[in-house]
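[1] only geometry, no sequence info:
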């Protein structure tokens with residue numbers, strides 16, 4: 001029993017060492033082509049501070065951080081997962097049309113500051129502290145105000 005426990009501990013330590021180097025800086029040109037195109041189309045004047053590749057067990061993802069602190073996250077295929085803007089809003093060209101329409105109609109004075117997409121939903125954070133969740137068909141599924 002002790003040998004089995006020791007073996008398991010050894011395997012866990014080996015896996016941690018093996019995956020310890022899961023983040024590395026890369027050149028912008030090493031991003032998947034779809035991510036490069038997205039950045040060039042939607043953030044044409046933003047200056048890239050650094051790009052990093054993250055490797056989680058079997059998947060890769062990419063982060064692009066701009067000089068002004070704005071950040072983009074992409075999946076292994078170069079599809080955006082998150083856009084987080086600190087100093088300015090998410091460019092309207094990057095916001096799905098249905099989300100843009102809902103925000104403009106219901107919160108005309110608010111700006112989209114963060115937009116996240118996963119396999120099940122979109123989450124939008126506005127400058128007026130409202131957080132809106134949409135399903136993949138752009139139906140609102142949750143509203144929350146986070147102003148504390």
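    Done, it's in. The shown structure was predicted, so the numbers you read here are calculated from the model rather than taken from an experiment.

[2] Could you check how far residue 54 is from residue 26?
    10 Å (C-beta to C-beta, to the nearest Å). Backbone N, C-alpha and C define where each C-beta goes, glycine included.

[3] got any residues that touch both of these two?
    Residues touching both residue 54 and residue 26 (C-beta atoms under 8 Å, 6 or more residues apart in numbering) are residue 62.

[4] so where do the strands sit in the chain?
    23-26, 48-56, 59-66, 71-74, 80-84, 112-117, 121-126, 130-135, 140-145 (DSSP state E).

[5] and the third one, how far from the chain's centre?
    The gap between where strand 59-66 is centred and where its chain is centred comes out at 8 Å by C-alpha atoms, centre = their mean, to the nearest Å.

[6] same question, the last one
    Computed by C-alpha atoms, centre = their mean, the separation of strand 140-145 from the middle of its chain amounts to 20 Å.

[7] just the first one next, same as before
    Using C-alpha atoms, centre = their mean, the distance from the centre of strand 23-26 to the centre of the chain it belongs to is 16 Å.

[8] by contact count, what packs against it?
    strand 48-56 (3 or more C-beta pairs under 8 Å, 6 or more residues apart in numbering; DSSP states H and E).

[9] Provide the angle between the direction of the strand it packs on and the direction of strand 59-66.
    Here strand 48-56 runs at an angle of 160 degrees relative to strand 59-66 (axes from the mean of the first three to the mean of the last three C-alpha atoms, to 10 degrees).

[10] Strand 48-56 - contacts with which helices or strands?
    Counting by 3+ C-beta pairs under 8 Å, 6+ apart, strand 48-56 packs on strand 23-26, strand 59-66.

[11] rerun at 10 Å
    Judged by 3 or more C-beta pairs under 10 Å, 6 or more residues apart in numbering; DSSP states H and E, the packing partners of strand 48-56 are strand 23-26, helix 33-42, strand 59-66, strand 71-74.

[12] who are the neighbours of the last one, in terms of helices and strands?
    Packing contacts for strand 71-74, counted by 3+ C-beta pairs under 10 Å, 6+ apart, involve helix 33-42, strand 48-56, strand 59-66, strand 80-84, strand 112-117.

[13] Relative to the last one, what are the paired strands and their orientations?
    Taking DSSP bridges as the criterion, strand 112-117 forms sheet pairs with strand 80-84 (antiparallel), strand 121-126 (antiparallel).
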